[in-house]
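Student: Below are the sequence and a predicted model for it; my questions follow.
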Amino acid sequence: MTPVLLLDARADEIRDPLHALMPDLPLVIGSGDPQEAAGCDIWIGEPDKAAVLLAQGVKPRWLQSTWAGYKPLLAEAFPRDYRLSRAVGVFGQAIAEYVLAYLLQHEHRLPARWQHQQAGVWEKSLPGSLYGRRVLIVGTGDIGREVAAFLQPFGVVLTGIASTPRSLSAFERVDALDRLKEAVRDADYVINILPDTPATTDVYHADVFSAMKPAALFINVGRGSAVVDEDLCAALRAGQIAGAVLDVFRQEPLPPAHPFWHTPNLFITTHIAGPLVPARLARLFLENLPRFQANQPLVGEVDFSRSY
């Protein structure tokens with residue numbers, strides 16, 4: 001077996017759990033050198049780093065992505081005659097914890113309580129509860145379903161949006177993306193987990209925000225391209241929705257002059273909602289390794305013939 005090439009900013013952190021589980025696994029931390037990469041049949045890493053090597057005419061037999069998405073690998077000139085698997089089951093818990101943190105912050109009005117504390121005000125408004133709240137998860141893939149599983153014990157009512165309508169356990173119903181405007185009307189929380197595709201670009205626009213409840217909270221942990229920035233700012237300033245939490249943006253880092261920085265009731269984080277958990281990635285890779293060696297389907301395997 002040729003060495004496995006690690007192409008990730010956190011290569012050291014991925015190497016350690018891999019060696020803990022399989023001490024004799026040969027690993028090389030990639031330097032970006034095409035000759036080095038050509039000597040490795042299997043790569044583990046970020047699609048943008050792999051794309052640099054693909055552009056230089058080097059490819060693996062199998063790439064285990066450390067991302068849930070793989071858009072950088074879809075450039076028209078890039079080869080597709082290798083096996084690719086996504087990092088499934090790796091990010092769901094972290095994203096669910098992030099979402100849950102902001103849902104609870106919203107119900108318990110924590111920012112307002114902090115302001116009252118700073119002002120020395122004894123303010124006794126009661127908190128809300130997630131029990132019975134309607135949560136719309138837009139993007140019911142593996143991450144969306146894991147988020148749903150974490151929210152279920154709180155007694156929320158779950159609905160979803162997918163590319164096509166379907167029946168999924170835990171969800172009251174799952175509608176198609178073209179029903180987004182209708183689906184948001186009853187939701188107390190709208191959580192976007194959609195990938196960046198032509199079909200998902202600009203789907204959150206003025207008409208969708210105006211259809212939401214005034215008390216609704218919008219959370220985006222999918223991709224910034226899904227949101228029309230100026231329409232979200234306008235909705236928040238007009239009080240059409242109660243607030244928004246954004247972890248992803250069209251341009252990252254978010255420019256200092258962007259209006260999001262100064263929009264009321266908008267919380268910004270810096271694309272940190274779904275950090276890689278190296279131990280979970282290591283287990284996924286070692287589950288897929290014997291499948292690859294036996295030429296069996298991989299967990300999270302990408303079908304290049306299907307649209308992204």
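Tutor: Arrived safely, thanks for sending.

Student: show me the contacts for Asp247.
Tutor: 98, 220-221, 268-273 (CB atoms under 8 Å, 6 or more residues apart in numbering). Where C-beta positions appear, they are placed from N, C-alpha and C, glycine not excepted.

Student: and with 6 Å instead?
Tutor: 221, 269, 271, 273 (CB atoms under 6 Å, 6 or more residues apart in numbering).

Student: Going by neighbour count, which of those residues comes out on top?
Tutor: When the contacts of Asp247 are compared by neighbour count (other CB atoms under 10 Å), Val221 ends up highest, at 28 neighbours.

Student: re earlier: output the contacts of Asp247 as TSV; include the columns pLDDT, secondary structure and distance to Tyr82.
Tutor: Converted to TSV, these look like this (pLDDT from 0 to 100; DSSP: H, G, I helix; E, B strand; the rest coil; distance: CB to CB, whole Å):
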residue	pLDDT	secondary structure	distance to Tyr82
Val221	98	coil	29
Thr269	98	coil	34
His271	97	coil	28
Ala273	98	coil	30
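
Student: OK, contacts around Pro34?
Tutor: 53, 56, 58.

Student: Kindly report the same for Pro60.
Tutor: 42-43, 82.

Student: how about a cut-off of 8 Å?
Tutor: Contacts of Pro60 by CB under 8 Å, 6+ apart are 5, 37, 40-43, 50, 82.

Student: Can you tell me which of the residues you listed comes closest to Val184?
Tutor: Distance to Val184 across those (CB to CB) is lowest for Ala50, with 36.4 Å.

Student: so the closest one makes contact with Leu63?
Tutor: Yes - between Ala50 and Leu63 there is a contact under CB atoms under 8 Å: 5.6 Å.

Student: Common neighbours of these two, please.
Tutor: Common contact partners of Ala50 and Leu63 (CB under 8 Å, 6+ apart): 43, 73.

Student: Val184: neighbour count?
Tutor: The burial count for Val184: 23, using other CB under 10 Å.

Student: Ok, Pro26 next?
Tutor: Count around Pro26 with other CB under 10 Å applied: 11.

Student: pretty sure it contacts Pro3?
Tutor: Yes - contact criterion CB under 8 Å: Pro26 and Pro3 qualify, at 4.2 Å.

Student: so what's the backbone phi/psi at the residue lying closest to Asp186 once chain neighbours are set aside?
Tutor: Counting by CB to CB, 6 or more residues apart in numbering, Arg134 is the residue found nearest to Asp186 once chain neighbours are left out, at 5.4 Å. Note on Arg134: backbone dihedrals following degrees, to the nearest 10 are phi -100, psi 120.

Student: which strand residues sit across from Arg134 in the sheet?
Tutor: Taking DSSP bridges, one finds Val157 as the beta-bridge partners of Arg134.

Student: residue contacts, the residue sitting nearest the centre point of the chain?
Tutor: Of all residues in the chain, the one closest to the mean position by CA atoms, centre = their mean is Gly222, 4.7 Å from it. By CB under 8 Å, 6+ apart, the contact set of Gly222 is 138-139, 192-196, 200, 248.

Student: and Asn192, how many residues sit next to it?
Tutor: The number of residues near Asn192, taken as other CB under 10 Å, comes to 26.

Student: where does it land on pLDDT?
Tutor: Asn192 is assigned 98 on the pLDDT scale.

Student: quick one: it from Arg80, how far?
Tutor: Noted for Asn192: a distance of 29 Å to Arg80, by CB to CB, to the nearest Å.

Student: now do Gly224
Tutor: The gap separating Gly224 from Arg80 is 27 Å, by CB to CB.

Student: And the two? Which one has more around it.
Tutor: When neighbours are counted by other CB under 10 Å, Gly224 and Arg80 differ, and Gly224 comes out ahead with 19 against 12.

Student: any chance of the contacts of Asp247 in JSON lines, plus distance to Ser129?
Tutor: Supplementary listing: the contacts of Asp247 in JSON lines, determined by distance: CB to CB, whole Å:
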{"residue": "Val221", "distance to Ser129": "23"}
{"residue": "Thr269", "distance to Ser129": "24"}
{"residue": "His271", "distance to Ser129": "30"}
{"residue": "Ala273", "distance to Ser129": "23"}
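
Student: wait, what's in contact with Arg83?
Tutor: Going by CB under 8 Å, 6+ apart, Arg83 touches 61-63, 292, 298, 301.

Student: now those: which count as buried?
Tutor: Buried members of the contacts of Arg83, counted by 16 or more other CB atoms under 10 Å: 62-63, 292, 298, 301.

Student: Keep only those of those residues that are in strands.
Tutor: Among the buried ones among the contacts of Arg83, the members falling in strands (DSSP state E) are 62-63.

Student: Can you say which helix or strand has Ala50 in it?
Tutor: Assigned by DSSP states H and E, Ala50 belongs to helix 47-54.

Student: Tell me the buried residues in that helix?
Tutor: 47, 49-51, 53-54.
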